[in-house]
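A.B. asks: sequence plus the predicted model coming up.
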Amino acid sequence: MRTITTTTGVDIALDGDLLAIIETLFHEVTAKRQFDRSYEDIMAEIRHLIEQMTADELRDYLAESLFHNTVRFENDRLASYVEKLASKSKGKALR
């Protein structure tokens, strides 16, 4: 299995697991710096990883990312809707 490497030398297997890449980014950029990082730091690391990927790998990970973000968006919308319903129910109960 092919791997790519972070700027800190950590290997990431390109097996289609987007969350493995996200977890590695968090650990290598955010946690190691004790949350003292910037947008530019994360983007530089992401660009470093992207530069090592083939066009097919990029397409696969883009598709995985869009799927992941769509599910997250749906879950956020649903949570907001449920919260509105709960607050309306509380308001009626107080009357």
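C.D. replies: That came through, no problem. Just so it is clear, the model here is predicted, and its values are computed rather than measured.

A.B. asks: what's next to stretch 67-82, contact-wise?
C.D. replies: Stretch 67-82 is contacted from outside by 18, 19, using CB atoms under 8 Å, 6 or more residues apart in numbering. All C-beta atoms are positioned from the backbone trio N, CA, C, and that covers glycine.

A.B. asks: avg pLDDT for it?
C.D. replies: Stretch 67-82 shows a mean pLDDT of 96.

A.B. asks: for stretch 46-55, same thing?
C.D. replies: Rounded mean pLDDT across stretch 46-55 is 98.

A.B. asks: list the buried residues in that stretch.
C.D. replies: For stretch 46-55, the buried set under the neighbour-count rule, 16 or more other CB atoms under 10 Å, comprises residue 49.

A.B. asks: just the endpoints, please. Distance across it?
C.D. replies: End-to-end distance for stretch 46-55, by CA to CA, to the nearest Å: 15 Å.

A.B. asks: give me the element the spatially most central residue of the chain is part of.
C.D. replies: With distances taken as CA atoms, centre = their mean, the residue of the chain nearest its centroid is residue 22 (5.2 Å). Taking DSSP states H and E as the criterion, residue 22 maps to helix 18-25.
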